[in-house]
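Q: this one's sequence-less:
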């Protein structure tokens with residue numbers, strides 16, 4: 001008999017094994033989707049290579065705004081942004097710990113740029129440089 005006392009344990013154990021396999025498969029699928037999203041999404045990295053810290057850093061895109069917050073000296077911060085963008089430039093507004101404000105624009109952004117990596121670097125002389133990887 002299927003529901004005899006001896007077989008009851010095998011049925012429960014079978015359901016637990018199936019539940020465990022499905023759970024592991026779903027977790028793996030979720031991680032794959034997350035990593036794929038990060039790989040495909042464009043990102044902007046702000047690299048502070050100066051001796052002084054950054055009090056606040058904001059980069060405006062045509063369709064969104066990236067707030068990097070404060071960045072210590074010799075540190076970087078990376079943010080990902082939406083693929084759907086209007087055409088335009090990266091406009092930055094950076095306030096250093098000394099109170100000096102650096103503002104300007106660099107690079108060019110268009111709609112649906114998959115895996116675009118832009119790096120804005122603050123040099124020792126508080127000058128900006130942009131590169132696209």
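A: Here it is on my side, so go on. Everything quoted here is computed from the prediction, not taken from an experiment.
Q: Give me the contacts around the helix or strand containing residue 121.
A: Assigning secondary structure by DSSP states H and E places residue 121 in strand 117-122. The contact list for strand 117-122 (C-beta atoms under 8 Å, 6 or more residues apart in numbering) reads 42-50, 54, 59, 90, 92, 94, 102, 106-107, 128-133. No exception for glycine: its C-beta is placed from N, CA and C like everyone else's.
Q: how far is the lowest-mean-pLDDT helix or strand in the chain from where the chain is centred?
A: The helix or strand of the chain with the poorest confidence is helix 5-40; it has a mean of 85 (mean pLDDT, DSSP states H and E). Mean-position distance between helix 5-40 and its chain equals 28 Å (C-alpha atoms, centre = their mean, to the nearest Å).
Q: For that helix, name the packing helices and strands.
A: Contact partners of helix 5-40 among helices and strands, from 3 or more C-beta pairs under 8 Å, 6 or more residues apart in numbering; DSSP states H and E: none.
Q: What residues does the residue nearest the centre of the chain make contact with?
A: The residue at the geometric middle of the chain, judged as the C-alpha nearest the mean C-alpha position with C-alpha atoms, centre = their mean, is residue 80 (3.6 Å). Contacts here follow C-beta under 8 Å, 6+ apart; on that basis residue 80 touches 38, 41-43.
Q: Let's see that with 10 Å instead.
A: Applying C-beta atoms under 10 Å, 6 or more residues apart in numbering, we find residue 80 in contact with 37-38, 40-44, 66.
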